Structures are given as C-alpha cells and as structure tokens.
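Asks: Return a 3D structure for these sequence lines:
(one chain, ligands or ions: 1)
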Amino acid sequence: MVKASVNCSSLHSPSEFRFLQIWCYFCVGFLSWASVSVAQVAVTTETHEMVRVLVTYHSLTGSTEKMAMGVVEGAKSVPGTEVTVKRVGDVTAEELFESDALIVGSPVYWSNMSGEVKTFFDNWQFKFGVFPEFKMQNKVGAAFATGGQVSSGKEVTMLTILAAMLGNKMIIVSEGGAFGASATTEGHSPGIDRQELTDAQTLGKRVAEVAWMIKRGTSESIKE
Ligand SMILES: Cc1cc2nc3c(=O)[nH]c(=O)nc-3n(C[C@H](O)[C@H](O)[C@H](O)COP(=O)(O)O)c2cc1C
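Replies: Below you'll find the predicted structure:
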C-alpha cells in the first residue's frame, strides 16, 4: 500500500491548494479508468478462449448420425465453441484429452449401448490411458440414443453411457429427456422427427453452455 501525505502548512496560497486538489481528482479519475480498462482486457482475453466439444457416435443405418448432427448444430450455436464430430472408432486420445466436453451417442442394441460404443469406453483404460490419473475428470459429459421401439432400452443406453462418464469423474448434464436426447426410429415413428432433432440441438447447446460455465469458473478460481 502506498501512502501519500500532504503537509498543508507547506502550501503557500489558495491557488496552490486548488491546483493540488485538481491534481488529486485527475489521479483518482485516471486510476479508475485504468482499472476498468484492465478488467475489460481480461474479459476480452477470456472470451477469446475456446470451448472444445467432441461429439462421437456409432451408427449403422444413419439415425444416430442424424441426431449427432443436431447435437453438433446446437453446440456450434454457442459463440466461441469449437465442435469436432467423429465416429467412436476414429476418436484419438489427443482429441479426448483436448476436449472440454464429450457427447456420446449410441443406437440401442439389445436394450443397451452398442458394442462399438462400449469398446470406445473400454479403450479408455489401456489404449487411451485415461485411468488411473482420471484424465477426463471435470470434463462435461452427455448422452444421446436412438432405438427402434418406444420403450426398449433408450434410457438404459443413455444411463450406461453416463455411468461410464461418472466412473471417470466427469460432470454430467442432460437435456431433451431426463437422461439426454433420444429418438424412436422404427414402427409408427420412423426416422428422426422435428421434436427429436430439436432435443438433440438443445442437448448440444446446453453442454456447450455448461462447459463454458465450468471453464470460466475454473479460470476464476485459478486467478484467486
Ligand atoms: C443388433 C441390433 C439390436 C437392436 N436392439 C434394439 C433394442 O433392444 N431396442 C430397440 O428399441 N431397438 C433395437 N434395435 C434397433 C436400433 O436401435 C435402431 O434401429 C437404431 O435407431 C439404429 O440406429 P442407427 O440408424 O444409427 O444405426 C436394434 C438394432 C440392431 C441392429
């Protein structure tokens, strides 16, 4: 702390005193302007940071892929968000670790996630080396699913994806339904309808928003 003291007895005239008063006002004004400017620069720098969202999925007949594109669209709608979309088999360890958020989509296979998606998660241990350091810790995670029938495993599929994420200390969010975005693709509801696509977009958007909240919160706590 810098202390400034003025010996009033050394001031010879009212005009000198007036000059000192104006000088003090000027200094206070300048310091206020400078601190606001520095804060603005900090905010600008922060907003130039990117949030990286990785969307990955398995799809044989295109329905889950269509949902994935909706998720991508939603995530991209959040300014400053960089989105990568890949099939589960093509994701690299670098892409996984560089991401701030991961959204995984699967078709329902026998009331659960498909083998490809399960293999993706199983690879985290030996192929990607996620464990034992918990390298996915505090990244945002979310799930989406498509299934042929109305009630035949979509929720289990999303929950098992989320369970794998929780086991890796990720921060889970949902949107669309309680556990994520989902679509029924066969029987009386073939393909992906408008509402299902909207749910996928909303999921992507929310994940990007939460990833931003966490990224900003983390940088704030690092500053303290
Ligand atoms: C091997 C296999 C198992 C399936 N099991 C289920 C199931 O248990 N419940 C269900 O609702 N749909 C089931 N389906 C249908 C798919 O989940 C559905 O068609 C899905 O939308 C396909 O996604 P895709 O077009 O992205 O490949 C199964 C499909 C296959 C190929």
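
Asks: Near the ligand, which residues of the chain are found?
Replies: Residues of the chain found near the ligand (C-beta under 6 Å from any ligand atom) are 59-65, 107-111, 146-149, 152-153, 185-186. The way it works is simple: take the backbone N, C-alpha and C, and place the C-beta from them, glycine included.

Asks: which parts of the host helix or strand of Thr119 are buried?
Replies: Applying DSSP states H and E as the criterion places Thr119 in helix 115-126. Of all the residues in helix 115-126, those buried under the rule 16 or more other C-beta atoms under 10 Å are 116-118, 120-121, 123-124.

Asks: same deal with stretch 57-72?
Replies: Per 16+ other C-beta under 10 Å, stretch 57-72 contains these buried residues: 57-59, 63-72.

Asks: what's the answer for stretch 142-159, then?
Replies: Buried positions in stretch 142-159, judged by neighbour count with 16+ other C-beta under 10 Å: 142-148, 153-159.

Asks: Among those, pick out the one closest to Met136, please.
Replies: Distance to Met136, by C-beta to C-beta, is smallest for Ala142 among the buried residues of stretch 142-159, at 13.1 Å.

Asks: which ones are touching the closest one?
Replies: Ala142 makes contact with 101-104, 162, 172-175, 180, 203, 206-207 under the criterion C-beta atoms under 8 Å, 6 or more residues apart in numbering.

Asks: Provide the strand pairings for the helix or strand where it lies, with the direction of each partner.
Replies: Element membership for Ala142 (DSSP H and E) is strand 140-147. Applying DSSP bridges to the sheet, strand 140-147 is found paired with strand 101-109 (parallel), strand 171-172 (parallel), strand 181-184 (parallel).

Asks: Mind putting those into TSV with mean neighbour count?
Replies: Listed next are the strands paired with strand 140-147 as TSV, based on neighbours: other C-beta atoms under 10 Å:
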stretch	mean neighbour count
strand 101-109	27
strand 171-172	16
strand 181-184	25
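
Asks: Domains in the protein, by residue range?
Replies: Under the assignment automatic domain parsing, the domains of the chain span 13-46, 49-223.

Asks: Could you single out the most deeply buried of these?
Replies: Highest mean neighbour count among the domains of the chain (mean count of other C-beta atoms under 10 Å): domain 49-223, with a mean of 19.

Asks: At which residues are the helices of the protein located?
Replies: 14-47, 63-76, 93-98, 115-126, 154-167, 194-223 (DSSP state H).

Asks: distance of Ala200 from the ligand?
Replies: According to C-beta to the nearest ligand atom, to the nearest Å, Ala200 stands 12 Å off from the ligand.

Asks: Report the contact partners of the residue lying closest to that residue once chain neighbours are set aside.
Replies: Closest residue to Ala200 apart from its sequence neighbours, by C-beta to C-beta, 6 or more residues apart in numbering: Gly70 at 3.1 Å. Shown in contact with Gly70 (C-beta under 8 Å, 6+ apart): 181, 192, 196-201, 204.

Asks: okay, among those, which ones form the most distant pair?
Replies: The span of these, defined through C-beta to C-beta, is set by Ile192 and Gly204 at 14.3 Å.

Asks: okay, the buried residues of stretch 57-72 in TSV with pLDDT next?
Replies: Listed next are the buried residues of stretch 57-72 as TSV, based on pLDDT from 0 to 100:
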residue	pLDDT
Tyr57	99
His58	98
Ser59	98
Ser63	98
Thr64	98
Glu65	98
Lys66	98
Met67	98
Ala68	98
Met69	98
Gly70	98
Val71	98
Val72	98
